[in-house]
Every structure is written in C-alpha cells, then in structure tokens.
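*Asks:* Provided below are the primary sequence and the corresponding predicted coordinates.
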Amino acid sequence: MGTFLTLEGLDGCGKSTQAVLLARWLEDYTGRESVRTYEPGGWNGGEKLREILLHTNLAPKSELFLFMSDRSEHVMRVINPALKADKNVLCERYTDSSVAYQSGGHGLKFEYVVKIMKAGHFLEPDITIFYDIEPEHAFKRLRERQGHDRFEDAGLTFLKRVSYTYRRLAKLNDRIKLIKVDDLNVVQVYEKTIEIIKNSCVLFK
Ligand code: TYD
C-alpha cells in the first residue's frame, strides 16, 4: 500500500505550490510513483461536479452531500486504486475541508459535519498537513489573484470562521500536523513539511 497524504488550509495558503514540490520529493525519497490529485473534481468526469460546486449557490446541506458524492467517486476511481498499486497519493483538500468550509464557513453544526464525515466511511489519510495562514493574510493574497470562485469571494469573516474550524480540527486530531506559514517562504514551508512527514513514519507502508 502507498501512503495517503492530504494538504489542507485556506485558499491562498500555498497548498498547490507545495503539492508540486512534495510530489517530486516523495518520488525521490520513496522510489514510488506519486499521484497528485485534488478535491473537488479530481477524477475523470469530476470537472462537471467541480463547476457546480464552485459556481452555484447551494444550500449548505446540498453542498455538503455533493462534496461527499465527489469524494466517493474520487476515492473509488483515483485514490484507492493508486494506493493499492503502491503509489503515494498527495491530495489537496479532503474531509477536513468539508468540516472547515461547510460547518465553519457555511454554518452547519461542527458535530453534525464531523458525524457525516465518519458515516461516509471515507478512507482516512495517513497524515494531513494543515498550512495555517492568518485569514487576513490569505484574504490579501486572494484579492491579488485573478479568477475568483464563490468560496474565495465570500470575504474575510468567512475565512476567519473557516480558519477557526481548521484550528479546532487540528487540536482534536493527531493526524493533522499544523504548520504556521505566515512568516515562512516557500522553501522553508517545504522543508518543514518534509521534516514532519519523515518524523511521522507514515511512508514505506
Ligand atoms: P479550489 O479552487 O480548489 O481552491 P484552493 O485552490 O484554495 O484549494 O476550490 C476549492 C474550494 O472548495 C475551496 O474554496 C474550498 C471548497 N471546498 C469545500 O467547501 N468543501 C470541501 O469538502 C472541499 C473539498 C472544498
């Protein structure tokens, strides 16, 4: 079995940049192929669901269950087969995003979303790196970016609630390793991530 790693954090925290670097490092370090993927929509055909999720105003519960449908396809079609083929999987966003955004961001009860995630019986990541950026900092970065989706347009208060929920999740789960990224450059974040992954002994299963 390969190792299942997830990356989490507010939009603008630098996940995607790190994902590219880490996928390469994982291949060099473990000698196993890396599969880099993402949610929502990281499966063949998933772009339609991604389009709906990122650009339609949905009721929070509808949104939650659509993210779960997307995840279900993603696990079955991409994540599970790759892990079984001894590849490492590096996924941007997963169940913690659903808790952080659908409860923290969109107001569903924390306990309710956590329970729904458990009921979904999704494959549990071996390790999750949470890039913790101050919401004000993330907001500033997002405003400088082009092509906003509706989550990115939701504003600073929204980001603060999502951030609070991510931090709450990190306190409750050993699986989630928090890295404060505000004062670090890309290379420093990368080096810290590698150190944490090595120390957590989740590779070479
Ligand atoms: P994306 O453009 O992939 O954002 P980023 O580059 O910041 O990862 O958009 C994904 C958006 O979907 C992001 O704002 C968070 C949201 N999301 C949820 O609300 N719930 C979920 O379960 C997932 C996976 C994502």
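*Replies:* Great, that's in hand. Being a predicted model, the structure only gives us computed values, none of them experimental.

*Asks:* what's the end-to-end length of stretch 51-60?
*Replies:* 16 Å (C-alpha to C-alpha, to the nearest Å).

*Asks:* list the buried residues of it.
*Replies:* Buried positions in stretch 51-60, judged by neighbour count with 16 or more other C-beta atoms under 10 Å: residue 53. All C-beta atoms are positioned from the backbone trio N, CA, C, and that covers glycine.

*Asks:* any part of the helix or strand of the chain with the lowest mean pLDDT near the ligand?
*Replies:* In the chain, no helix or strand scores lower on mean pLDDT, DSSP states H and E than helix 135-144, which sits at a mean of 89. No. Judged by C-beta under 6 Å from any ligand atom, helix 135-144 stays clear of the ligand, getting no closer than 8.5 Å.

*Asks:* which is the succeeding secondary structure element to that helix?
*Replies:* Next along the chain after helix 135-144, taking DSSP states H and E as the criterion, comes helix 156-172.

*Asks:* what angle separates whichever helix or strand comes after that next one from helix 156-172?
*Replies:* Downstream of helix 156-172, the next assigned helix or strand under DSSP H and E is strand 176-180. Interaxial angle, strand 176-180 versus helix 156-172 (axes from the mean of the first three to the mean of the last three C-alpha atoms, to 10 degrees): 130 degrees.

*Asks:* now the following helix or strand past strand 176-180: how far from the chain's centre is it?
*Replies:* Once strand 176-180 ends, the next helix or strand along the chain (criterion: DSSP H and E) is helix 186-199. Mean C-alpha position of helix 186-199 versus that of the full chain (C-alpha atoms, centre = their mean, to the nearest Å) differs by 17 Å.

*Asks:* quick check: residues of the protein near the ligand?
*Replies:* Residues of the chain lying close to the ligand by C-beta under 6 Å from any ligand atom are 11, 15-16, 38-40, 54, 67, 92-93, 97-98, 101-102, 149, 151.

*Asks:* farthest-separated two in the residues you listed?
*Replies:* Farthest-apart pair in the residues of the chain next to the ligand is 16 and 102; separation 21.3 Å (C-beta to C-beta).

*Asks:* for these two, indicate the residue with more neighbours.
*Replies:* residue 102 (25 against 11; other C-beta atoms under 10 Å).

*Asks:* so what's the more buried one closest to, chain neighbours aside?
*Replies:* Spatial nearest neighbour of residue 102, chain neighbours left out: residue 64 (4.5 Å); criterion: C-beta to C-beta, 6 or more residues apart in numbering.

*Asks:* what comes up buried for the host helix or strand of that neighbour?
*Replies:* Using DSSP H and E, residue 64 sits in helix 60-74. Using 16+ other C-beta under 10 Å as the test for burial, helix 60-74 gives 63-68, 70-71, 73-74.
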